[in-house]
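Fold the stuff below for me.
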Amino acid sequence: MGNCVRDPELRNTSSGTAVCGITIAINHKYTTDSGEKREDSTFVDVTLWGRLAEICGEYVHKGDPVFIQGRLQTESWDDKQTGQKRSKLKVVAENLQLLTGRPNGKAQSAAAPVTPKPAPAAPARSAAVEPDEIPF
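Predicted coordinates for the structure are as follows:
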C-alpha cells in the first residue's frame, strides 16, 4: 500500500493488450532508540496488465493512495554505458484496490477491490482480502 508517485503510463502491446506502469512510494515511520522520529520512503515499480492496466490508467493519478497485491519479478538488462549487468525487482499486480473516492463524488468502499476477471487459461485467484483481516 502506498501513494502513486506520478501519473500512470498506459500503453498497448502490439497485440493490443493494455499495460500500465506506475511507481508507488511506501512510507515507514519509526522512532530511533534515542527517541528521534524518522520517516523513510521506498519506491516500488508496479506493472499492471489487461483490464487492471485500463482501470489504473483511467482512475489513478499522482498522489492517490492504492493497495496492490501481486508477485515479485526481477528485470535484468545490460547497461549500455558501463556494459555491466543490471537488475531491479518490481511488482506485477494481480489485484488493485483504489483507496480514493470515485470521480462522481461517491466514496468507494475499501471492501470493494477492483479485480479483473481471470483469463480462461489463468489459474483461479484467491478471494480479496477484507479490510478487517489486514493486521495494521
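
OK, contacts around Glu36?
Neighbouring residues of Glu36 by CB atoms under 8 Å, 6 or more residues apart in numbering: there are none. C-beta coordinates here come from the backbone N, C-alpha and C atoms, glycine included.

Likewise for Val19?
Contacts of Val19 by CB under 8 Å, 6+ apart are 10-13, 47-49, 53.

distance from the centroid: which residue in this protein tops it?
Note on the chain: the largest C-alpha distance from the chain mean falls to Ser34, namely 34.4 Å (CA atoms, centre = their mean).

Which secondary structure state does that residue sit in?
coil (DSSP: H, G, I helix; E, B strand; the rest coil).

what's it sitting at in phi/psi?
The phi/psi pair for Ser34 (degrees, to the nearest 10) reads phi -80, psi 0.

Mind pulling the model confidence for Lys80?
The model reports Lys80 with a pLDDT of 89.

What is the neighbour count of it?
7 (other CB atoms under 10 Å).

Ok, Ala25 next?
Neighbours around Ala25, by other CB under 10 Å: 13.

go on, the one 3 residues further on?
Neighbour count for His28, taken as other CB under 10 Å: 9.

From what I see, it and Met1 are in contact.
No: His28 lies out of contact with Met1 (CB atoms under 8 Å); the separation is 11.7 Å.

what residue ranges in the protein score low on pLDDT?
Flagging of the chain using pLDDT under 70 yields the residue ranges 101-136.

Please consider this matter closed, and thank you.
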